[in-house]
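**Q** Sharing a model that was predicted from the sequence below.
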Amino acid sequence: MKQARLWKYIAFALPLSILTAACSDSFLERPPMDTLTDGIYYQTDEEVIMATAPLYNIVWFDFNDKTSFGIGDARAGNMLSNDYDDYYKFAVSATDGPLLSAYASFYKIIAQSNMVIENVNRYGTNVTPAVKNHAIAEARFMRGLAYTYLTSIWKEVPIIYDNLAILSDTTIRKNTVSSIWEFAIRDFRYAAKNLPTTPIQPGRLTKYSAEGMLARAFLTHAGIGAGVGSRNQTDLDSAKYYAKDVIMNSGLTLLQNYSDLFLSTNNNAQSINNETLFALLWLPIREPWGVNNTFQAYMAFGPELIGNQGDGWGRAHGASADLVKYYMANQDDIRRKPTFMFNGDRYPELEYFSDASVTYTINDVANIKKYIIGGPDDNGGNGQFMTAYINTYMMRLAEVYLIYAEAILGNSSVTSDGEALQYVNAIRTRAGLADLTTVTFMDIFNEKRIELAMEGRYWHELVRLSYFNMNGADGTLDIISKQDKGPYTIDYVAGTDNPRQYTVTYPTQDADGVDITRFFPATEDNFYFPYPDAELVKAPSLRKSAVDFDFSKLAN
């Protein structure tokens, strides 16, 4: 068991601060290279604050690099891609490279978090108590979040809370879904109690970052083992409580324009907009590898869009037919255009569109626009090959609005509650859509899908739904079975605007008259991703059934 790959990820937990690139006037600045020995580091407030900086980017890199959108959007039915067709066809192999990279990334996050907790407690005897608690809270927040992703992807995984203890444990078992969510909730609660209401530096976590995650976690936990209409009311009330506190007391607000969320000027490691509860903070440099955001390199439809740096390999990635149909049916152009490019679209913020005669022309799919910010000339000189200077949202205030509305709805089929309507309609108003007078679960569920499309969240929402409605009407498997993942063509109707109009066709046969498969239903057997083969070969105990975690082993 000691030779399992998991051990390699635990062993990765060295002082990762030595890997973090310098950035002027940023908390991401690396500490002196000659002082990084555990026994002599973590001695001052400054060193402890620096020690948690890698938790905001480099340990997340292997997940963000490719797999985040492969799982969060392709698997979920938002995105089509030749590179990720096995994801949305529910045919991913246990040897899939990006999947193993994601698994490694999450255990690196956990290992690094555990290391921070251990070292701050062991060596930080001269550190201000508030700073010690802050660092531990950051580490526990990140560890808890990593576990929520692990269980949404692989269902049952081992809970590792002590790097040293695990090195001598040859009988490690996977833990149950309920245990994993309870562990994450405990970590988020600690973070909420020990983080400040305002960040100690731009981009750092706050009490409200943790409360937002608590709201998400309790909304999820409410459904575990439940059925339709029977989610745990105490959990729903907790989700409502934490969401409301964020909304009422954080001071955060929705940005007025949806498209502004995805401009580098409003969303980089030095400029954190007022809708952000937590984001991964990427730097406009490539050294050391892993502090850079590679999303644009893979998703931009061509190198010309981002300054001909040599990247821009995303011509095969784009919106699914299912999502196109949703945008068309709801005339949701204000959110669609900053997310996916349709024929005739122009984006004046990008140099590529500086010639007024240049518009986007669709290839095989409506290519991705969200997080595509162009090259250095579009971003004050920032950015380079495989390096876009834009943060990755992990939670925005808009999601908390929808969590609050759903928690109010609870187990009811429909509500006309004034607060629920207020916060759902605030998001719809920004999107240029008419107010609703009542809301159902699916109203809120679909609103979240569109609001957060291409932000890697929809798969995790489908998993959340599966906890209390896997097989029923409007349940997870029902939604997936109806998702159209076939080809389409989009033609802009010249002269139309506000909203723009398009003619969309969805062919059912290819040029040779062969029927085109458009739907790929999932089953309970293939719903979750396969456990990485390399793990199972080297760690046979992971093949055993999951067990509940023994929380009596924890101090708090």
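**A** Received it, and whenever you're ready, just let me know what you need.
**Q** hey, let's count contacts and neighbours off CA atoms from now on
**A** OK.
**Q** Secondary structure element for Q309, which one?
**A** Counting by DSSP states H and E, there is no helix or strand that carries Q309.
**Q** who are the neighbours in contact with it?
**A** Contacts for Q309 (CA atoms under 8 Å, 6 or more residues apart in numbering) come out as P303, G375, Q384, F385.
**Q** Tell me how many other residues surround the first one.
**A** If I follow you right, that is P303. 18 (other CA atoms under 10 Å).
**Q** from the contacts of Q309, which single one is nearest G410?
**A** When the contacts of Q309 are compared for distance to G410 (CA to CA), G375 wins out at 45.1 Å.
**Q** unless I'm mixing things up, the closest one is touching Y389, no?
**A** No. Applying CA atoms under 8 Å as the test, G375 and Y389 come out as separate, 9.4 Å apart.
**Q** any common contacting residues for the two?
**A** Counting by CA under 8 Å, 6+ apart, the residues touching both G375 and Y389 are N382, G383.
**Q** These two - which one has more neighbours?
**A** Counted by other CA under 10 Å, G375 and Y389 do not tie: Y389 has more neighbours, with 31 against 27.
**Q** who touches the closest residue to I390 other than its chain neighbours in this structure?
**A** Sequence neighbours aside, N268 is the residue nearest to I390 in space, at 4.7 Å (criterion: CA to CA, 6 or more residues apart in numbering). Residues counted as contacts of N268 (CA under 8 Å, 6+ apart) are L281, W282, L283, Y389, I390, N391.
**Q** please redo it, this time with the cut-off set to 7 Å
**A** Taking CA atoms under 7 Å, 6 or more residues apart in numbering, we find N268 in contact with L281, Y389, I390, N391.
**Q** can you tell me which two in the residues you listed are farthest apart?
**A** L281 and Y389 (8.9 Å).
**Q** where does the residue lying closest to I368 once chain neighbours are set aside fall, phi/psi-wise?
**A** Leaving aside its sequence neighbours, I368 sits nearest to F340 (CA to CA, 6+ apart; 4.5 Å). Dihedral angles of F340 (phi, psi; degrees, to the nearest 10) stand at phi -140, psi 140.
**Q** ranges for the strands of the protein?
**A** All strands of the chain, identified by DSSP state E, fall at 79-81, 267-268, 271-272, 276-280, 317-319, 392-396, 414-415, 439-440, 489-492, 502-505.
**Q** Relative to A210, which of these is closest?
**A** strand 276-280 (8.5 Å).
**Q** That closest one: partners in the sheet, and parallel or antiparallel?
**A** Taking DSSP bridges as the criterion, strand 276-280 pairs within the sheet with strand 392-396 (antiparallel).
**Q** ok, back up a step: max pairwise distance over the contacts of Q309: which two?
**A** Applying CA to CA across these, the maximum distance is between P303 and Q384, 11.9 Å.
**Q** isn't G344 right next to V493, touching?
**A** No. In this structure, G344 is not within contact of V493 by CA atoms under 7 Å, at 8.8 Å.
**Q** shaky segments in the stretch 251-400 of the chain?
**A** For the stretch 251-400 of the chain, no stretch is flagged by pLDDT under 70.
**Q** try it again with 90
**A** In the predicted model of the stretch 251-400 of the chain, residues 270, 286-287, 356-357, 363-364 satisfy pLDDT under 90.
**Q** One more: the stretch 401-550 of the chain?
**A** Applying pLDDT under 90 to the stretch 401-550 of the chain flags the ranges 494-501, 510-511, 514, 516-517, 533-542.
**Q** Report pLDDT for A243.
**A** Here, the pLDDT recorded for A243 equals 99.
**Q** Please name the residues that touch it.
**A** Contacts of A243 by CA under 7 Å, 6+ apart are E211, G212, A215, V400, I403, Y404.
**Q** More neighbours: G344 and V493, which one.
**A** Set G344 next to V493 and count neighbours by other CA under 10 Å: G344 wins out with 17 against 13.
**Q** Would you reformat the contacts of A243 as TSV and include neighbour count and distance to G251?
**A** Shown next, in TSV, are the contacts of A243 (neighbours: other CA atoms under 10 Å; distance: CA to CA, whole Å):
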residue	neighbour count	distance to G251
E211	26	14
G212	29	13
A215	30	17
V400	26	13
I403	29	18
Y404	29	16
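**Q** what's the closest of the contacts of Q309 to T151?
**A** Checking the contacts of Q309 against T151 by CA to CA gives F385 as the nearest, at 33.3 Å.
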